[in-house]
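Take this sequence and fold it.
(2 chains)
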2 protein chains.
Amino acid sequence: MTGTTLDDYTDRYARRVRGMTASEIRALFAVASRPEVVSLAGGAPYIAALPLDAVGEMLNKLAADQGATTLQYGIGQGTLELRERICEVMALSGIDVGCGASPEDVVVTVGGQQALDLIARLFLDPGDVVLAEGPTYVGALGVFQSAQAQVVHVPMDADGLIPEALELAIAEVARSGRRAKFLYTIPTFQNPAGVTLTEERRERVLDICERAGLLVVEDDPYGQLGFDCEAPAPLRARRRDGVFYLSTFSKTFAPGLRVGWILAPHAVRDKLVIASEAQILCPSAFAQAAVTTYLSTMPWRQQLKIYREVYRERRDALLDALADYMPAGTSWTEPGGGLFVWATLPDGLDAKAMMPRAIAARVAYVPGTGFYADGTGTGNMRLNFSFPPPERIREGVRRLATVMEQETAMREVFGTVGSPSRRRGQAGADVPGPDLA
Amino acid sequence: MTGTTLDDYTDRYARRVRGMTASEIRALFAVASRPEVVSLAGGAPYIAALPLDAVGEMLNKLAADQGATTLQYGIGQGTLELRERICEVMALSGIDVGCGASPEDVVVTVGGQQALDLIARLFLDPGDVVLAEGPTYVGALGVFQSAQAQVVHVPMDADGLIPEALELAIAEVARSGRRAKFLYTIPTFQNPAGVTLTEERRERVLDICERAGLLVVEDDPYGQLGFDCEAPAPLRARRRDGVFYLSTFSKTFAPGLRVGWILAPHAVRDKLVIASEAQILCPSAFAQAAVTTYLSTMPWRQQLKIYREVYRERRDALLDALADYMPAGTSWTEPGGGLFVWATLPDGLDAKAMMPRAIAARVAYVPGTGFYADGTGTGNMRLNFSFPPPERIREGVRRLATVMEQETAMREVFGTVGSPSRRRGQAGADVPGPDLA
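Residues are numbered from 1 along each chain as shown, chains lettered A, B, ... in the order given. Next up is the predicted model:
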């Protein structure tokens, strides 16, 4: 080729994705998936808890008896049958006809990720601001950065997003002459923090957003995975307008089918469908039929209960192991559901710098910086408890504690270990550090 | 909500999709799918030709025996196993190790549509120009318009894209100070035109693009569906550099699984994967396992032959019926493969204006304007022959001919019928009209 090179063409894109940690995380998962490594790094559900024989039999029939439909093209919005089942699932959490939820306004997506990407495509222009919890879902950061939007983090504590900090952030963005397009929030069993926005704060956060004319994008993949008690009703159950509700069957059934959804305000439903058609034409008819049939003919509520029990046992194993092994100065969240615990290391330890040594000690986690757009999170890590069995979790934490003690010892001998330029809480001067104790 | 409304937010997007015909076509398909209507409007493969029982059995085993993997998350690029099978499929068309094809550089996508969208996301900035055949795939127009790029059509004749017209278009774009990012082309059994770029022209088109430093995006969903003889080797088989090759299993296996791919130049492979991860996290592990197992254990070459035979018979039925029934002044292409015939109506007939009367007469097609970004195509229609059985095709053409004759008669009595402001060939003054005889 003469003239312009591929690199010229894609430099712009490279700039756009600079700072994305997706490929870093991919590389990490590749190492973490070695059998000798205890991986607390993933976010995968424990699929072996599914009745796989029955699921196989169900899929068999879907192809053999209904293949002319299930293996064919579908429509962009997703089948009416699935959208009706989705409304039944949402009704369990309180999002029902009473608050205007209707199959008409559901758009089926390729997992929760495409739901987020569609929202970004519809709303974000380069330079726009998105408010999001700090830390937040790494895949959302990827979407926002690829849309060239700027993420402003709002800190949490053990009760979730701090309303006063949200008000402050909105005011600061406005003062700087920029425009915040929406608040992206995972209010329930947050990824990665594991905390849940309290009942009372839900109302306050909604009021604040309403007053500011700020849309809310509520991401709720874990809401039905509560261990100790029911989670507070989603934001969308409390407000009919101004809230986009996103969820997925990846955590409650199976991520391998890639089926998620958006419940959108009626006014933009069509625009989301058109955007989705431009992106993927239509979601998989087979995957949709699989989820529809699973929800219609199989004991899915019972299966949810099984997932919850498996994960509660594993969360307990993780919390017990942390209490037993972690060196002084370490703190962590105590999630009432979901898949993740967020740990804060003793002062001076750098979770990313420590990774190679942790992998050498056969344990993996995700360093906290992956969950911030601004370099914060050096002293944090996300620990997953949904996939490894309890005894592996305990062994993983034991190995991790050993690595941390060695790091601390080395630090006392040689001074700072890791990347000294990035200390926790100093990364974004105008963004308060996370307080997740 | 106070402040900014949803409409304010999405007006920009509405502007972006103005001119898209996706929702028009959706509405059309809804009507066309009524059982009493003979639909020549679709683009669906004849799934009933698949061994559905055997496929069902295969899917059963994938879930029952390998569910812990196939129902789990996968990796963004797609599984190595599937990428290896894809290389075997491409090798059948001459894209092999000899021309640098490697599983390393394959990115699995959610059908061919996501492949196109990823290319657009990587390369297109608002205002950029894309060169594309006129007419071209409606879903590609949706992608380019959603990227706010401008499509400049290059005319075809019975031998496909006209090289001289391509040179002219490149020169005109350059003269106008704009930048053409790539040529989007479906060289084999083109959708919607049904024509195939000849051997000799393939080399000339590649030379022209190479000289101009223009990337080529080769979309090849139909290349293995040739009836009369083998299709000429794809462009990618002739050039190692500067060609993105896109294809899908939607036409050769089943669209309901949504599995397609890009063979990308090595330099941008990673950027495509990162963009795909931001969009969908990963393609469905189950759908990938289904295609992999289908290609590894089932007689897929034999199935391709069955598809070809079914479609050849239906193409013949369509061409025979057109010859028997069409009024004087109608012309059409004679495809050597694929799914579509492109018809040109007698002077003065408007295919879009005629649609309601055609539907009333229980026959459907896609009006030609859907395949142009510039309003051209008023006097054209796309006719599909892959889905309806031969006798239905014949009946559909008979109904269509009756409608056309009535239209012509009304026109003779009342003057112009339909939208007089849009006459064929006058829409885009600087874009030559299609010449598909």
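
Low-confidence regions, the stretch 51-200 of chain A specifically.
Applying pLDDT under 70 to the stretch 51-200 of chain A picks out no residues at all.

One more pass at 90, please.
Residues of the stretch 51-200 of chain A meeting the criterion pLDDT under 90: A:179.

for chain B, what are the nearby residues on it?
Residues of the stretch 51-200 of chain A lying close to chain B by Cβ under 8 Å from any Cβ of the partner chain are A:52-53, A:55-57, A:59-65, A:67-76, A:110-111, A:113-114, A:117, A:121-123, A:125, A:139, A:142-143, A:146, A:181. Heads up, the C-betas are built off the backbone N, CA and C, glycines and all.

and with 7 Å instead?
Within the stretch 51-200 of chain A, the residues that sit near chain B (Cβ under 7 Å from any Cβ of the partner chain) are A:52-53, A:55-57, A:59-61, A:63-64, A:67-68, A:70-73, A:75-76, A:110-111, A:113-114, A:117, A:122-123, A:139, A:142-143, A:146.

Check the stretch 251-400 of chain A too.
Counting by Cβ under 7 Å from any Cβ, the residues of the stretch 251-400 of chain A that sit close to chain B are A:254-258, A:265, A:267-268, A:270-271, A:274-275, A:277-281, A:284-287.

go again using 10 Å as the cut-off
A:253-260, A:264-268, A:270-290, A:387 (Cβ under 10 Å from any Cβ of the partner chain).

helix or strand for residue A:65, which one?
For residue A:65, the element it lies in under DSSP states H and E is helix A:52-70.

re earlier: which of the residues of the stretch 51-200 of chain A next to chain B are buried? Put it as a PyMOL command.
A single PyMOL command selects the buried members of these (16 or more other Cβ atoms under 10 Å in any protein chain shown):
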select buried, chain A and resi 52+55+56+59+60+61+63+64+67+68+70+71+72+73+75+76+110+111+113+114+117+122+123+139+142+143+146
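
Can you show me the CA trace of the following helix or strand past the helix holding residue A:65 as PDB?
Next along the chain after helix A:52-70, taking DSSP H and E as the criterion, comes helix A:80-92. C-alpha atoms of helix A:80-92 as PDB (Å, rounded to 0.1, in the frame of the first residue of the first chain):
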ATOM      1  CA  LEU A  80     -42.200 -10.500  22.200                       C
ATOM      2  CA  GLU A  81     -42.200 -13.800  24.100                       C
ATOM      3  CA  LEU A  82     -38.800 -13.100  25.700                       C
ATOM      4  CA  ARG A  83     -39.700  -9.400  26.400                       C
ATOM      5  CA  GLU A  84     -42.800 -10.700  28.300                       C
ATOM      6  CA  ARG A  85     -40.700 -13.100  30.300                       C
ATOM      7  CA  ILE A  86     -38.200 -10.300  31.000                       C
ATOM      8  CA  CYS A  87     -41.100  -8.200  32.500                       C
ATOM      9  CA  GLU A  88     -42.000 -11.100  34.800                       C
ATOM     10  CA  VAL A  89     -38.400 -11.300  35.900                       C
ATOM     11  CA  MET A  90     -38.300  -7.500  36.600                       C
ATOM     12  CA  ALA A  91     -41.600  -7.700  38.400                       C
ATOM     13  CA  LEU A  92     -39.900  -9.900  41.000                       C
END
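
Show me what counts as buried in helix A:80-92.
For helix A:80-92, by 16+ other Cβ under 10 Å, it's A:81-83, A:85-87, A:89-90.

Make JSON lines out of those residues and add distance to residue A:372.
Listed next are the buried residues of helix A:80-92 as JSON lines, based on distance: Cβ to Cβ, whole Å:
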{"residue": "A:81", "distance to residue A:372": "40"}
{"residue": "A:82", "distance to residue A:372": "35"}
{"residue": "A:83", "distance to residue A:372": "35"}
{"residue": "A:85", "distance to residue A:372": "36"}
{"residue": "A:86", "distance to residue A:372": "32"}
{"residue": "A:87", "distance to residue A:372": "35"}
{"residue": "A:89", "distance to residue A:372": "31"}
{"residue": "A:90", "distance to residue A:372": "30"}
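
Just the closest of the residues you listed to chain B, please.
Closest to chain B out of the buried residues of helix A:80-92 is residue A:82 (13.4 Å), distances taken as Cβ to the nearest Cβ.

residues in contact with that closest one?
Residues near residue A:82 by Cβ atoms under 10 Å, 6 or more residues apart in numbering or on different chains: A:74, A:103, A:106, A:108, A:249, A:259, A:261, A:283, A:285, A:287-293, A:295-296.

what about it, distance to residue B:402?
As judged by Cβ to Cβ, to the nearest Å, residue A:82 and residue B:402 stand 40 Å apart.

again, but for residue A:173
63 Å.

Chain A: strands as residue ranges?
Secondary structure of chain A by DSSP state E: the strands cover A:38-39, A:106-109, A:129-134, A:150-157, A:160-161, A:180-185, A:215-219, A:243-248, A:260-263, A:331-332, A:340-344, A:363-364, A:366-367, A:380-384.

Tell me which of those sits nearest to residue B:45.
strand A:106-109 (21.8 Å; Cβ to Cβ).

other SSEs contacting that closest one?
helix A:80-92, helix A:111-123, strand A:243-248, strand A:260-263, helix A:266-280, helix A:285-297 (3 or more Cβ pairs under 10 Å, 6 or more residues apart in numbering or on different chains; DSSP states H and E).

please redo it, this time with the cut-off set to 6 Å
Where contact means 3 or more Cβ pairs under 6 Å, 6 or more residues apart in numbering or on different chains; DSSP states H and E, strand A:106-109 is packed against helix A:80-92, strand A:260-263.

Narrow the residues of the stretch 251-400 of chain A next to chain B to those that are buried.
A:253-260, A:264-265, A:268, A:270-290, A:387.

Tell me, how many residues neighbour whatever residue of the stretch 101-250 of chain A ends up closest to chain B?
The stretch 101-250 of chain A approaches chain B most closely through residue A:213 (2.1 Å), counting by Cβ to the nearest Cβ. Residues within reach of residue A:213, counting by other Cβ atoms under 10 Å in any protein chain shown, total 15.

Residue A:241 now?
13.

What does the pLDDT read for it?
You'll see residue A:241 listed with a pLDDT of 92.

Buried ones in stretch A:395-404, by neighbour count?
Of the residues in stretch A:395-404, those buried (16+ other Cβ under 10 Å) are A:395-397, A:399-404.

what residues does that stretch touch?
A:38, A:40, A:321-322, A:325-327, A:357-358, A:361, A:363 (Cβ atoms under 6 Å, 6 or more residues apart in numbering or on different chains).

So which of the residues you listed belong to helices?
Counting by DSSP state H, the part of those found in helices is A:321-322, A:325, A:357-358.

Columns pLDDT and neighbour count on top of those, output as JSON lines?
What follows is those, written out as JSON lines (pLDDT from 0 to 100; neighbours: other Cβ atoms under 10 Å in any protein chain shown):
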{"residue": "A:321", "pLDDT": "98", "neighbour count": "22"}
{"residue": "A:322", "pLDDT": "98", "neighbour count": "21"}
{"residue": "A:325", "pLDDT": "98", "neighbour count": "18"}
{"residue": "A:357", "pLDDT": "92", "neighbour count": "16"}
{"residue": "A:358", "pLDDT": "95", "neighbour count": "26"}
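
For residue A:371, see how far away residue A:172 is.
For residue A:172, the distance to residue A:371 - Cβ to Cβ - is 21 Å.

So which residue is dead centre in chain A?
residue A:137 (4.0 Å; Cα atoms, centre = their mean).

Could I get the contacting residues of it?
residue A:191.

likewise residue A:128?
A:149, A:181.

make it 10 Å
A:120, A:144, A:147-150, A:178-182 are the contacts of residue A:128 under Cβ under 10 Å, 6+ apart.

And those residues, which is closest to residue A:300?
Using Cβ to Cβ, these come closest to residue A:300 at residue A:120, 30.2 Å.

wouldn't that closest one be in contact with residue A:151 here?
No - the criterion here is Cβ atoms under 10 Å, and residue A:120 misses it with residue A:151 at 11.3 Å.

more neighbours, these two?
Legend: neighbour count by other Cβ under 10 Å for residue A:120 and residue A:151, higher for residue A:120 (27 against 20).
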